[in-house]
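> Here is a sequence with its predicted model. Questions after.
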Amino acid sequence: MMLTSFEPVVNQETTTLIIGTMPGVVSLKVQEYYGNKRNAFWTLLFDILGERPTELTYPERLDVLLKHQIGLWDSLAACEREGSLDSNIRKGVPNDFPALFLRYPSINRLLFNGKNSFQFYVQAYGVPEAMEYHLLPSTSPANAMKNYAEKKLLWQKALDKITLF
């Protein structure tokens with residue numbers, strides 16, 4: 001069965017785009033980016049931004065990201081996959097990043113949430129040489145290569161040029 005990703009979360013002020021691979025089973029079920037409570041994404045990002053994600057609804061979380069000029073999207077628009085692991089992805093269909101960048105020209109930094117998001121992007125479009133990009137450790141609970149503090153430090157370095165309001 002072909003799974004489909006979500007629409008991008010961006011606006012005309014978005015300068016940084018965080019790119020995942022494809023929403024997992026829980027995220028697809030609840031229709032939220034990083035909807036699995038075990039995924040460290042919201043905790044990590046909001047820790048860096050000085051926000052409290054547990055006190056916010058999903059739409060409020062998205063509003064906070066947009067306020068900080070951060071958007072969300074995935075490398076893949078669709079794929080076949082058993083479970084949630086990126087390693088199980090088959091028949092990936094890339095999202096149309098060239099069209100997104102034309103529509104939102106203020107995007108000038110890409111943060112890849114894990115190596116698979118980067119690999120799928122590169123397979124479709126090559127290395128993004130026209131803008132700054134960072135390959136960051138995945139916030140997925142399946143990624144135990146780095147602990148929370150190590151992940152936070154790397155994500156913080158990639159986000160350090162963003163003005164924190």
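Great, that's in hand.

> Nearest residue to Val64 in space, ignoring adjacent ones along the chain?
Glu51 (5.4 Å; Cβ to Cβ, 6 or more residues apart in numbering). In short, each C-beta sits where N, CA and C put it, glycine included.

> Check the secondary structure at that neighbour for me.
coil (DSSP: H, G, I helix; E, B strand; the rest coil).

> Just give me the neighbour total for it.
19 (other Cβ atoms under 10 Å).

> got a pLDDT number for Leu44?
With respect to pLDDT, Leu44 has a value of 94.

> Show me the helices in this protein, by range?
Counting by DSSP state H, the chain has helices at residues 25-30, 41-49, 58-67, 97-103, 115-125, 148-159.

> can you redo those as JSON lines with distance to Met2?
Formatted as JSON lines, those follow (distance: least, Cβ to Cβ, whole Å):
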{"stretch": "helix 25-30", "distance to Met2": "12"}
{"stretch": "helix 41-49", "distance to Met2": "24"}
{"stretch": "helix 58-67", "distance to Met2": "25"}
{"stretch": "helix 97-103", "distance to Met2": "20"}
{"stretch": "helix 115-125", "distance to Met2": "15"}
{"stretch": "helix 148-159", "distance to Met2": "31"}
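
> among the ones you listed, which is the most enclosed?
Ranked by mean neighbour count, the helices of the chain are led by helix 41-49 with a mean of 20 (mean count of other Cβ atoms under 10 Å).

> which other helices and strands contact it?
helix 58-67, helix 148-159 (3 or more Cβ pairs under 8 Å, 6 or more residues apart in numbering; DSSP states H and E).

> Try it again at 6 Å.
When contacts are defined as 3 or more Cβ pairs under 6 Å, 6 or more residues apart in numbering; DSSP states H and E, helix 41-49 packs onto helix 148-159.

> coming back round to it: I'd like to know which of the helices of the chain is closest to Leu135.
Among these, helix 115-125 comes nearest to Leu135, with 4.9 Å by Cβ to Cβ.
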